[in-house]
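Asker: got a sequence here, can you model it:
(2 chains, ligands or ions: 1)
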Amino acid sequence: MNFTFDNELESFVSTINDFIQKDYTPQHIRNAWSSGDPFSNEHWKSMINLGVSQMILDEKFQGMGLSLDEAILVYEELAYGGVIEPIIEQSILINNLAHEFPQGLQDLIGERLIDQYVALTHPSSPFVNHLSHASGLLSIQNNDISFVELEGIESELLESNDPSRVVSSIKSIKNSHSFKLDPSLERKIVSSGKLVSALTIIGLSRRCLDISSEYVKTREQFGKPIGSFQAVKHMLSDIAVKIEFAKAAIYRAANSIISDHPLHELHSNVAKYLANQAGEIATKNSIQAHGAMGYTWEVDLHIFMRRIWAFNSLWATQSEIEFEIESFLHENTEKLGATFTFTED
Amino acid sequence: MQISQMKIKFTQEQSTFREEVRSWMKSNVPSQPLHSLDTSKGFEEHRAWEKTLNEGNWSMVTWPKEYGGRGLDLIEWLIFEEEYYRAKAPTRVNQNGVFLLGPTLMEYGSEHQKERFLSAMAKGEHIWAQGWSEPGAGSDMAAIRSTAIREENKFIINGQKTWSSRATYADWTFGLFRSDSESSRHHGLSFILVPLDAPGVTVRPIPQLDGEPGFAEIFFDNVEVPIENLIGEEGAGWSIAMATAGFERGLMLRSPARFQETAAHLIRIAKQESNLAPSIKTALIDCWIKAEAYALNIYQTASKLQAGKKIGPESSLGKIFWSTLDYEMHSTALKILGTLSELKNEEASNAAAWIKGFMFSLAGPIYAGTNEIQKNIVAERLLGLPR
Ligand SMILES: Cc1cc2nc3c(=O)[nH]c(=O)nc-3n(C[C@H](O)[C@H](O)[C@H](O)COP(=O)(O)OP(=O)(O)OC[C@H]3O[C@@H](n4cnc5c(N)ncnc54)[C@H](O)[C@@H]3O)c2cc1C
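Answerer: The predicted structure is shown next:
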């Protein structure tokens, strides 16, 4: 039992943090939004060059083959930055699992994974993000996984409440290459999706908390910083508690996915449930701590809140999570208790 | 399968250790529950249980062998706790001793003090009470007024402590006293051990919400205590007490096993009911997930500590989390039990234990530093908000 991270990754995480502080400021995000097409090829390349998407890609595709649970803090940091380009999704949903895809599919897309964006759609995450920048689309439906080049896709552009997301719905697909999808792999993909959303929400919740902590230190009323008022302190402490107690569950879910734990679905549901709670309190209390400022487009807070709201229902809605956990608890009541958490079957 | 350093599973040795604890518990945990530890009869039964535990070297597995421990690590302690709660073993009457004073002595005590107190503690010969609070010093512990004035080789203690858990029947208390009568706030306080049978000590039991005297007031009237009972430097008591409180708020006070068992039990009683309101179903899921979250967090914290990292004000996050969860679980249980939840007699139903637990869960947000104070600590020390 060793629930800690490899120390060597600390420097990688701080590299990512530098990148975010320097090249991925809220002003950059705002500029990207107003450019009409927020996906920046330049940022995508920078992140590829940093090794973000190769990191957990199997060596057979020229990746580094690190394990996801080790690398997870890197992705959390990118989430913290509110990165627009879907590199966390690409890495965790596709690159991390590509070596388990059907061989024919590996042959088709293997070379693209190192530096290109491959989009993905699944019934629980139906809208495709930044489709125009994808080199192709993986579509999962009815136990099939198909790959289609951009030319074969007819789609409709929608408008997301999060301007960082440019989402489309797929109308029809032509000339796709279809493969049977092993149900156990599909379950892993769905768990990975829940992990992506949980992790993204936690990174963003941390960002909201940091922005709010800074704000309440400087904004003064009644002749002192509002952060000295206890009602304000407690609002922010409540966020910190929720974030703290979601983290380990998220890292655990990552570990379960890569180690084929038979309960990875449960673990990713737990992670997403806790992250959703953190996200809810992080957004609500952050706005409150900002007063009317929090209700504006001008303050950066909303850049990050919008993403939390968008990710809330991706890959599993609150109802799905609760129903799945409820039925698990109902069917496994006798197994529960102090020795359940780390059982391996 | 990828190779990673993070290993969220037990090693063979850890599993073997678990088997050893399990089989010992199976043959040693009393088949009938003991009387309440806050009755004189029950207190002695619990003391005897501490002795039994010690005979198996189970008092505190992380302690060095020479003091009755096994020199094991925190993960093994967590495993021990899981098996302890799984076996429904009795409440640790010497919690204040083995989990709080023990680690404090290990860090700040002299060799002589360790020898004198640690194994007596492990054997249950000395059951400890905790003496921080005073009538005028609750959340504001630095307002302590009880004094311990040095006279040659002894301290003369005067004043009053209150809310001292287990003090009604305990043998000793550790506490903070003002050793410099000119001092104020957290300066000039000393950490001193006082036998509760010393001349001049009067203990007045205070009945708690369940009617039993789980805590007490302690009056000191010119109580003489030898200088050997001072822990650390004279006047350095505050920082030692903060370390002790850190052990309390951190992992030691509430290992996850307790909440995981309560959550499982809650789900079992719910399963017997066919008609549960949706709000109760939601609460069940919420409670179970939070008990999991707590366990995962504590294992991660233990791994970090083991890797040489320190925990500071983060422990306040945990205290807020478990005490909120404990209340939520018990209040949900009473809703499920319905009209039975009024009944206190154990024969009538298993509701009695839930009622008792419910009342105690209301104390969780108060003791070990109230949750409001913990939230202040989080805001000021973790988030850097102004005082
Ligand atoms: C079951 C139980 C066992 C206990 N065991 C022990 C023991 O063994 N030894 C021991 O020394 N003590 C013990 N205590 C005492 C406990 O530590 C104190 O009750 C606690 O520190 C609060 O102090 P108080 O009761 O004086 O409440 P007060 O300090 O009077 O607080 C009352 C209310 O005001 C709030 N408040 C106070 N100050 C602030 C502030 N600055 N900001 C925001 N809110 C504030 C508190 O949060 C609380 O809600 C025990 C208490 C209980 C309930």
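Asker: tally of neighbours for B:Glu107?
Answerer: Neighbour count of B:Glu107, defined by other C-beta atoms under 10 Å in any protein chain shown: 13. Every residue, glycine included, has its C-beta placed from N, CA and C.
Asker: what residues does the residue nearest to it when sequence neighbours are not counted make contact with?
Answerer: Closest residue in space to B:Glu107, ignoring its immediate chain neighbours: B:Ala243 at 6.6 Å, by C-beta to C-beta, 6 or more residues apart in numbering or on different chains. Taking C-beta atoms under 8 Å, 6 or more residues apart in numbering or on different chains as the contact definition, B:Ala243 lies against B:Thr104, B:Glu107, B:Tyr108.
Asker: buried residues in the strand or helix carrying B:Ala243?
Answerer: In this assignment (DSSP states H and E), B:Ala243 forms part of helix B:237-247. Going by neighbour count (16 or more other C-beta atoms under 10 Å in any protein chain shown), the buried part of helix B:237-247 is B:Gly237, B:Trp238, B:Ile240, B:Ala241, B:Ala243, B:Thr244, B:Ala245, B:Gly246, B:Phe247.
Asker: for the stretch 51-200 of chain B, which residue gets nearest to chain A?
Answerer: Of all residues in the stretch 51-200 of chain B, B:Glu82 sits closest to chain A, at 4.1 Å by C-beta to the nearest C-beta.
Asker: list of residues touching the host helix or strand of that residue?
Answerer: Using DSSP H and E, B:Glu82 maps to helix B:74-86. For helix B:74-86, the surrounding residues in contact (C-beta under 8 Å, 6+ apart) are A:1, A:337-339, B:10, B:14, B:17-18, B:21-22, B:25, B:58, B:60-62, B:70, B:72, B:251, B:255-258, B:260-261, B:298-299, B:302-303, B:305-306.
Asker: show me where chain B has helices.
Answerer: In chain B, the helices defined using DSSP state H lie at B:12-28, B:40-55, B:74-86, B:95, B:102-108, B:111-122, B:237-247, B:256-271, B:278-306, B:314-337, B:351-361, B:371-377.
Asker: and A:Ser172, helix, strand or coil?
Answerer: With DSSP: H, G, I helix; E, B strand; the rest coil as the basis, the three-state label of A:Ser172 is strand.
Asker: got the contact list for it?
Answerer: Neighbours of A:Ser172 in contact, by C-beta under 8 Å, 6+ apart: A:Ile153, A:Glu154.
Asker: from memory B:Ser36 sits against B:Glu212, does it?
Answerer: Yes - under the criterion of C-beta atoms under 8 Å, B:Ser36 makes contact with B:Glu212 at 5.9 Å.
Asker: if we can go back for a sec, the inter-axis angle of the helix holding B:Ala243 versus helix B:314-337?
Answerer: 50 degrees (axes from the mean of the first three to the mean of the last three C-alpha atoms, to 10 degrees).
Asker: can I get the CA coordinates of helix B:237-247 in CSV?
Answerer: Extracted as CSV, the C-alpha positions of helix B:237-247 are listed here (Å, rounded to 0.1, in the frame of the first residue of the first chain):
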residue,chain,number,x,y,z
GLY,B,237,3.4,23.9,27.0
TRP,B,238,1.4,25.6,24.3
SER,B,239,3.4,24.2,21.4
ILE,B,240,3.4,20.8,22.9
ALA,B,241,-0.3,20.9,23.5
MET,B,242,-0.8,22.0,19.9
ALA,B,243,1.2,18.9,18.7
THR,B,244,-1.1,16.8,20.9
ALA,B,245,-4.2,18.4,19.5
GLY,B,246,-2.7,17.8,16.0
PHE,B,247,-2.6,14.1,16.8
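Asker: can you tell if that helix touches the ligand?
Answerer: No - using C-beta under 6 Å from any ligand atom, helix B:237-247 stays clear of the ligand, coming no nearer than 9.3 Å.
Asker: who's in contact with the residue of the stretch 201-345 of chain A found nearest the ligand?
Answerer: When scored by C-beta to the nearest ligand atom, the stretch 201-345 of chain A has A:Gln230 as its residue closest to the ligand, at 5.7 Å. Residues near A:Gln230 by C-beta under 8 Å, 6+ apart: B:Glu372, B:Asn376.
Asker: next one: phi and psi at it?
Answerer: phi -70, psi -40 (degrees, to the nearest 10).
Asker: any idea how far it lies from A:Cys208?
Answerer: According to C-beta to C-beta, to the nearest Å, A:Gln230 and A:Cys208 sit 20 Å apart.
Asker: at the contact with the ligand, which residues of chain B appear?
Answerer: Residues of chain B lying close to the ligand by C-beta under 6 Å from any ligand atom are B:130-133, B:138-139, B:163-165, B:215, B:363, B:366-367, B:369-370, B:372-373, B:376.
Asker: quick check: A:Ile170 vs A:Gln116, distance?
Answerer: Relative to A:Gln116, and taking C-beta to C-beta, A:Ile170 is found at 19 Å.
Asker: who has more neighbours, these two?
Answerer: In this view A:Ile170 and A:Gln116 are compared by other C-beta under 10 Å, and A:Ile170 has more residues nearby, 19 against 16.
Asker: the more buried one against A:Leu150, yeah?
Answerer: No - using C-beta under 8 Å, A:Ile170 is not in contact with A:Leu150; the gap is 11.6 Å.
Asker: and the residue of chain B closest to the ligand?
Answerer: B:Gly138 (1.7 Å).
Asker: ok, now which ones touch that residue?
Answerer: Counting by C-beta under 8 Å, 6+ apart, B:Gly138 has contacts B:Trp163.
Asker: now A:Ala278
Answerer: Contacts of A:Ala278 (C-beta under 8 Å, 6+ apart): A:Ile201, A:Ile202, A:Ser205, A:Ile239, A:Lys242, A:Ile243, A:Ala246.
Asker: on that earlier part again, can you put the contacts of B:Ala243 in CSV and add pLDDT?
Answerer: Listed next are the contacts of B:Ala243 as CSV, based on pLDDT from 0 to 100:
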residue, pLDDT
B:Thr104, 93
B:Glu107, 91
B:Tyr108, 95
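Asker: from these, which is closest to A:Leu157?
Answerer: Distance to A:Leu157, by C-beta to C-beta, is smallest for B:Glu107 among the contacts of B:Ala243, at 63.4 Å.
Asker: from B:Ser165, how far out is that closest one?
Answerer: Distance, B:Glu107 to B:Ser165, by C-beta to C-beta: 22 Å.
Asker: please, where are all the strands along the stretch 101-250 of chain A?
Answerer: Here the stretch 101-250 of chain A has its strands, by DSSP state E, counting those that start in this stretch, at A:118-121, A:128-129, A:136-141, A:144-148, A:153-157, A:167-173, A:177-180, A:220-221, A:224-225.
Asker: given the last one, what are its sheet partners and their directions?
Answerer: Strands adjacent to strand A:224-225 in the sheet, as given by DSSP bridges, are strand A:220-221 (antiparallel).
Asker: go on, the fifth one?
Answerer: Based on DSSP bridges, the pairing partners of strand A:153-157 within the sheet are strand A:167-173 (antiparallel).
Asker: and the strand it pairs with, how far out from the chain's middle?
Answerer: The chain centroid and the centroid of strand A:167-173 are separated by 22 Å under C-alpha atoms, centre = their mean, to the nearest Å.
Asker: only the buried residues of that strand, if you could.
Answerer: Those would be A:Val167, A:Ser168, A:Ile170, A:Ile173, for strand A:167-173 by 16+ other C-beta under 10 Å.
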